[in-house]
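>>> structural data only, the sequence is not supplied:
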């Protein structure tokens, strides 16, 4: 039996080392493991750096009634800025800014362009701020500038906590606002006009009205978690029949017994779509009706569409029989039973 001598061990070790070197040089074995480990190390380093940015940042400016306080809550991918104004430091019920963020990028000293959560912010803050805002970490301060009401505010916030005061969830960062091809797109909703109908007074669907009516059928989709109901159609659209040379003729709301109004006050879930209809009283049967759209509770016009009355389609109206009307005599039922 051959014994393993020190010489054989040395030779085997040298041979194994040579094979291992060839294996690694050829691009296999440990080189891949090292690359993976390096990547994991880099990712861990980025995470550690991002944690330096994540948290709460604050700054006070001015005195007395001119005093203001900015508070920024930063997560890995969302930034929320609150603005308290006045000597009592009262805060708005809604944040000044909610938008996208990149904590990794900010930790490297790069400028982060935040896209505003136009669907998640309130109407006042939306109207006061631009669609994007730049943030930069510099000299251990989180810096940004925002123009509001003709004034520029330069904020330089210092970190006060590693825990964000607020952790916002983004609703919708798409700022698209348009009303084309019967479809309204605003940050809060998509509303599609699916048809319109004209009914003369006294006809089925307008039996109690003294004026002709126009009915707009629509589908409303909620893009956010905020309240949205079919009744909001009247806040978003204004119906105009331009038949007065001196004043703007906005049509009044009407009524049709052929329209189901039970869902008008229903809250639409985010991503949900509800079908409904809205009724307006017409002043004549020749002048077209223009629907003017605006962002919800905002006075800025998004767009308009004109609907000709002659293009209206008949409406399938299913009315319940009038219980008060005389009913034809009904034959008596035979109370006997055959076996």
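In hand now; what should we look at? Keep in mind that what you see is a predicted model, and the values were worked out from it rather than measured.
>>> and the helices in the stretch 151-300 of the chain?
Using DSSP state H, counting those that start in this stretch, the helices of the stretch 151-300 of the chain run over 233-236.
>>> name the spans of it whose pLDDT lies under the cut-off.
296-298 (pLDDT under 70).
>>> helix, strand or coil: sort out residue 130 for me.
Under DSSP: H, G, I helix; E, B strand; the rest coil, residue 130 falls in the coil class.
>>> with residue 188 as the reference, measure out to the closest residue to residue 148 other than its chain neighbours.
The shortest distance from residue 148 to any residue other than its chain neighbours is 5.0 Å, reached at residue 128 (CB to CB, 6 or more residues apart in numbering). Where you see a C-beta, it was placed from the backbone N, CA and C, and this is true even at glycine. Applying CB to CB, to the nearest Å, the value for residue 128 to residue 188 is 17 Å.
>>> same deal with residue 122?
For residue 122 relative to residue 188 (CB to CB), the value is 11 Å.
>>> of those two, who's got more company?
residue 188 (25 against 15; other CB atoms under 10 Å).
>>> dump the residue contacts of the more buried one.
Applying CB atoms under 8 Å, 6 or more residues apart in numbering to residue 188 gives the contacts 119, 172, 222-224, 226, 228, 295-296.
>>> tell me where the stretch 101-250 of the chain has strands.
112-115, 132-138, 141-148, 151-161, 178-180, 183-186, 189-199, 213-222, 237-240 (DSSP state E, counting those that start in this stretch).
>>> between those strands, which one is closest to residue 278.
Minimum separation from residue 278 across the strands of the stretch 101-250 of the chain (CB to CB) falls at strand 213-222, 5.1 Å.
>>> distance between that closest one and the chain's centre?
Relative to its chain's centre, strand 213-222 lies at 20 Å (CA atoms, centre = their mean, to the nearest Å).
>>> list the buried residues for it?
Residues of strand 213-222 classed as buried by neighbour count (16 or more other CB atoms under 10 Å): 213-218, 220-222.
>>> taking those residues together, which two end up most distant?
Pairwise distances among those were taken by CB to CB; the largest, 27.3 Å, belongs to 213 and 222.
>>> neighbours around residue 145, how many?
Neighbourhood size, residue 145 [other CB under 10 Å]: 12.
>>> could you shift the numbering so residue one becomes 352, and keep it that way?
Sure, I'll start counting at 352 from here, so that last one is residue 496.
>>> ignoring the adjacent residues along the chain, who's closest to it?
Nearest non-adjacent residue to residue 496, counting by CB to CB, 6+ apart: residue 505, 4.9 Å away.
>>> distance of that neighbour from residue 465?
Remark: distance between residue 505 and residue 465 (CB to CB) = 16 Å.
>>> okay, these two: which has more neighbours?
residue 465 (21 against 10).
>>> okay, and the beta partners of the residue lying closest to the more buried one once chain neighbours are set aside?
Counting by CB to CB, 6+ apart, residue 450 is the residue found nearest to residue 465 once chain neighbours are left out, at 3.6 Å. Under DSSP bridges, the beta-bridge partners of residue 450 are residue 430, residue 467.
>>> what about residue 450, distance to residue 435?
Residue 450 sits 19 Å away from residue 435, taking CB to CB as the criterion.
>>> on that earlier part again, which of the contacts of residue 539 are buried?
Among the contacts of residue 539, the ones that count as buried by 16+ other CB under 10 Å are 470, 523, 573-575, 577, 579, 646.
>>> between those, which is closest to residue 398?
For those, the closest approach to residue 398 (CB to CB) belongs to residue 523, at 28.0 Å.
>>> relative to residue 536, how far out is the nearest residue to the closest one once chain neighbours are set aside?
Of all residues not flanking residue 523 in the chain, residue 470 sits nearest, at 2.8 Å (CB to CB, 6+ apart). Using CB to CB, we find residue 470 at a distance of 11 Å from residue 536.
>>> same check, this time on residue 511
40 Å.
>>> more neighbours, the two?
More crowded of residue 511 and residue 536, by other CB under 10 Å: residue 536, with 19 against 13.
>>> need the strands of the stretch 452-601 of the chain in JSON lines (columns: distance to residue 418).
Listed next are the strands of the stretch 452-601 of the chain as JSON lines, based on distance: least, CB to CB, whole Å:
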{"stretch": "strand 463-466", "distance to residue 418": "25"}
{"stretch": "strand 483-489", "distance to residue 418": "22"}
{"stretch": "strand 492-499", "distance to residue 418": "16"}
{"stretch": "strand 502-512", "distance to residue 418": "13"}
{"stretch": "strand 529-531", "distance to residue 418": "41"}
{"stretch": "strand 534-537", "distance to residue 418": "35"}
{"stretch": "strand 540-550", "distance to residue 418": "38"}
{"stretch": "strand 564-573", "distance to residue 418": "38"}
{"stretch": "strand 588-591", "distance to residue 418": "41"}
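>>> how close does residue 661 sit to residue 561?
From residue 661 over to residue 561 the distance is 22 Å, taken as CB to CB.
>>> before we move on, the earlier item: was I right to think the residue nearest to residue 499 contacts residue 500?
Yes: here residue 479 reaches residue 500: they are 7.0 Å apart, a contact under CB atoms under 8 Å.
>>> more neighbours: these two, which one.
Using other CB under 10 Å as the criterion, residue 479 and residue 500 rank with residue 479 on top: 15 against 5.
>>> how close does that one sit to residue 451?
19 Å.
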